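>>> starting from these lines, generate the structure:
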Amino acid sequence: MTVDPVGTVRSVSVPGPGPAEASTTAPPPALPGPPGGRAAWLAWAIGCTVYVLAVVHRTSLGVAGLDATERFGIGASALSTFSILQVLVYAAMQIPVGLLVDRFGPRRVLLLGVLLMSAGQLAFALSTSFGPALGSRAVLGCGDAMTFISVLRIAARWFPAARNPLVAQLTGLAGMGGNLVTTVVLAEALHREGWTFSFGVIAVAGVAVAALVALGLREGPETGAAGGAAAAATTGPRPSVRRQIRDSWQEPGTRLGMWVHFTTAFPASAFGLLWGLPYLVEGQGMSRGEAGGLLTLLVFSNMAFALVFGRLVSRTPATRMPITLSVITATALCWALALAWPAGHPPLWLLVVLLVVMGSNGPASLVGLDYARSYNPAQRLGTASGIANMGGFIGAMLTLLGIGVLLDAFSDGAGYTADTYRWAFCWQFLPLAGGTLMILRLRRAVRRAGRPA
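Numbering: from 1, shown residues only. The predicted model follows:
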C-alpha cells in the first residue's frame, strides 16, 4: 500500500507469490499508529516549555518599546527595525529549519534553538547602542524559528492524526502563557529592576530549559510514529533538498496554508510584538498599567479561541475555511470601526472588542499549518510546515515596517498623536485584502485537485 499526501490509503498491485511462497510467506504486519497516552503528553509538554520560552523572547520587545527608544535614542522607524529584523530572520529560517527537522529530528533542533535564543537575549540585555542590539535580535529570531515546527513534529510522531489539530492549538495556547509572562511579569520587572537584569534573567532561564530537553525529551515512541509508520516513510534514499522544497511548494495545500497563516496571523502579531503598547499609551492616552491590562485581554482571548478552534477542526476539518474567513472579516471590521471613530479615540468598549477579536488571529493561523500537514506526506512535513509558517511572519514584518514608516511620515516632529496612529494603522488593510484574494484563489486550486478545502 501507499499513502498519498492527504492520507488516503491506496492499494498497489504487486506480483503474487509463487507456488512455493504461497504457503510459507505471511502478509507483513500492519504498522501501528502513534499511541498517544502519558508519554506523548510528557514529550509534548517538554517541547512546549521551549516554545513558551521562545514566545517570551519573541514578545519581550512589545512591552519594552518605549524603554528601547530612550535607551538607544531612536525613533519609530528604527524601533520597528528591531522587530522587523527579528521577524525577517524567523521567516527566512522556516524552510531551512523544516529541512533540519526532517533530516536530524526535532530534539537536536530544539536544543540549538534554545542556545541561540539565550545568547541573543543576553547580548540584548547588555547592549547599550543600536547596532549590537539589532544584531542580538537577529540571533534571537534565528533560535525562535527552530521551536514551533519542532514541537509540531514531535506531536505528529506521538499523537494520532485526528488529534493533531487540537494538539497544535494547545501548543499555541501554551505559547500564550509566554505572552502572559511578558505582559505581566516582564513589564513589571522592567519598571522595577531595569533593562539589563530583566532581559538577563530570561536569557539565563534558557540553560534550565536546554537541560530539560537534553535529559527528558523523546522524539517519538519506540514503536508507532517514530519507529513504525513514520520510520517507514523515511526509509530508503532521501530526496534532495531542492526536490523536498519543490515538492512541498508545488502542493497547493501548502501554499493555501501559507496564505491562511499570512492573513490571519499578522494583525495580532504586529500589535503584540511592537505597536500595541505605543498605540494604547501614546495614541489613546492610557497609562502603562492600563495598556498592559488591556494587552493581557488579548492573551486570554487567544487561549479561549485556541480551545474552540482546536476542537472544531479536530472533529470537522470542513470548518477550517469558515473559521479562516470569519476571523479575517471580523478583524477587518473591528479595525475599520476603531480607526474611523471621530478624532481617532475609540471608546474603551470598542478597544476591548478589538482585542478580543484579535485574540482569534493566532488560533486561526494554525489552521494554515493544518492544511500543510493534511496535504503532505510524513517525510516532508517539516518542510511544508516551515513554508506555511512563514506566512504570518512575512505579514507581520510588512505591517511592522509599514506602520513605522507611516508614523514617521505623518508625524510633525513633536511626537505621535491619535490621528498619526490612525492613519498609520490603515496600512493593515492592504495585506488583509491581498491575503484574502490569495486564499480564495488557492482554495479553488485545492478543490480542482479533488481535495476538500
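
>>> show me the helices in the stretch 151-300 of the chain, by range?
With helices called from DSSP state H, counting those that start in this stretch, the stretch 151-300 of the chain shows them at 164-180, 187-192, 195-216, 229-234, 241-250, 252-270, 276-278, 288-315.

>>> point out the most buried one among those helices.
helix 252-270 (a mean of 28; mean count of other Cβ atoms under 10 Å). (Each C-beta comes from the backbone N, C-alpha and C, glycine too.)

>>> now it: average pLDDT?
The pLDDT scores in helix 252-270 average 94.

>>> stretch 197-210 now?
In this model, stretch 197-210 has an average pLDDT of 92.

>>> could I have the CA atoms of it written out in PDB?
Output of stretch 197-210 as PDB, limited to C-alpha atoms (Å, rounded to 0.1, in the frame of the first residue of the first chain):
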ATOM      1  CA  PHE A 197      18.500  42.500  34.900                       C
ATOM      2  CA  SER A 198      15.100  41.700  33.300                       C
ATOM      3  CA  PHE A 199      16.400  40.600  30.000                       C
ATOM      4  CA  GLY A 200      19.400  38.800  31.600                       C
ATOM      5  CA  VAL A 201      17.100  36.600  33.700                       C
ATOM      6  CA  ILE A 202      15.200  35.500  30.600                       C
ATOM      7  CA  ALA A 203      18.500  34.600  28.900                       C
ATOM      8  CA  VAL A 204      19.600  32.500  31.900                       C
ATOM      9  CA  ALA A 205      16.300  30.600  32.000                       C
ATOM     10  CA  GLY A 206      17.300  29.000  28.700                       C
ATOM     11  CA  VAL A 207      20.000  27.000  30.400                       C
ATOM     12  CA  ALA A 208      17.500  25.100  32.600                       C
ATOM     13  CA  VAL A 209      15.200  24.600  29.600                       C
ATOM     14  CA  ALA A 210      18.100  23.200  27.500                       C
END
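
>>> for residue 390, which of the helices of the stretch 151-300 of the chain is the nearest?
helix 252-270 (6.3 Å; Cβ to Cβ).

>>> what helices or strands is that closest one leaning on?
Counting contacts by 3 or more Cβ pairs under 8 Å, 6 or more residues apart in numbering; DSSP states H and E, helix 252-270 is packed against helix 320-340, helix 361-374, helix 381-410, helix 429-448.

>>> what helices or strands is the third one leaning on?
What it means is helix 381-410. In terms of contacts (3+ Cβ pairs under 8 Å, 6+ apart), helix 381-410 is packed against helix 76-104, helix 148-158, helix 241-250, helix 252-270, helix 361-374, helix 418-425, helix 429-448.

>>> dump the ones you listed to CSV, plus distance to residue 282.
What follows is the helices and strands packed on helix 381-410, written out as CSV (distance: least, Cβ to Cβ, whole Å):
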stretch, distance to residue 282
helix 76-104, 10
helix 148-158, 31
helix 241-250, 41
helix 252-270, 16
helix 361-374, 23
helix 418-425, 7
helix 429-448, 22
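
>>> out of the ones you listed, nearest to residue 408?
helix 76-104 (4.9 Å).

>>> ok so, going back, so which of the helices of the stretch 151-300 of the chain is nearest residue 324?
Taking Cβ to Cβ, helix 252-270 is the member of the helices of the stretch 151-300 of the chain nearest to residue 324, at 5.2 Å.

>>> neighbours of residue 95, how many?
A total of 22 residues lie near residue 95 under the criterion other Cβ atoms under 10 Å.

>>> name the helix or strand for residue 53, please.
helix 37-59 (DSSP states H and E).

>>> could you pull out the buried residues of that helix?
For helix 37-59, a neighbour-count test (16 or more other Cβ atoms under 10 Å) marks 40, 43-44, 46-59 as buried.

>>> helices or strands up against that helix?
Where contact means 3+ Cβ pairs under 8 Å, 6+ apart, helix 37-59 is packed against helix 106-126, helix 130-144, helix 148-158, helix 164-180, helix 195-216.

>>> of these, which is nearest residue 329?
helix 164-180 (20.6 Å).

>>> what's the closest of the helices and strands packed on helix 381-410 to residue 221?
That would be, of those and by Cβ to Cβ, helix 148-158, which comes in at 6.6 Å.

>>> hang on, the earlier thing: how about the helices and strands packed on helix 37-59 in TSV, adding distance to residue 84?
Formatted as TSV, the helices and strands packed on helix 37-59 follow (distance: least, Cβ to Cβ, whole Å):
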stretch	distance to residue 84
helix 106-126	15
helix 130-144	9
helix 148-158	19
helix 164-180	19
helix 195-216	19
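
>>> least reliable of the ones you listed going by mean pLDDT?
helix 164-180 (a mean of 84).

>>> residues making contact with that one?
If you take Cβ atoms under 8 Å, 6 or more residues apart in numbering as the criterion, helix 164-180 is touched by 44, 47-48, 51-56, 58-59, 148, 151-152, 155-156, 159, 272, 296, 298-299, 302-303, 306-307, 309-311, 313-314, 317, 362-363, 366, 369-370, 373.

>>> how far away is the nearest residue to residue 94 once chain neighbours are set aside from residue 309?
Spatial nearest neighbour of residue 94, excluding adjacent residues (Cβ to Cβ, 6 or more residues apart in numbering): residue 386 at 3.8 Å. Distance, residue 386 to residue 309, by Cβ to Cβ, to the nearest Å: 22 Å.

>>> test my guess that residue 436 contacts residue 328.
Yes - Residue 436 is within contact range of residue 328, at 5.7 Å (criterion: Cβ atoms under 8 Å).

>>> these two: who's more crowded?
The neighbour count for residue 436 versus residue 328, taken as other Cβ under 10 Å, is higher for residue 328 (22 against 19).

>>> quick one on the thing from earlier: who touches both of residue 436 and residue 328?
With Cβ under 8 Å, 6+ apart, residue 436 and residue 328 have common neighbours residue 263.

>>> next, residue 128: phi, psi?
Backbone torsions for residue 128, taken as degrees, to the nearest 10, come to phi -120, psi 0.

>>> contacting residues around it?
71, 72.

>>> tell me how many other residues surround residue 80.
26.

>>> now do the contacts for the residue lying closest to it once chain neighbours are set aside.
Distances taken as Cβ to Cβ, 6+ apart put residue 404 closest to residue 80, at 3.1 Å, once the chain neighbours are dropped. Residues in contact with residue 404 (Cβ under 8 Å, 6+ apart) are 76, 77, 79, 80, 81, 84, 424.
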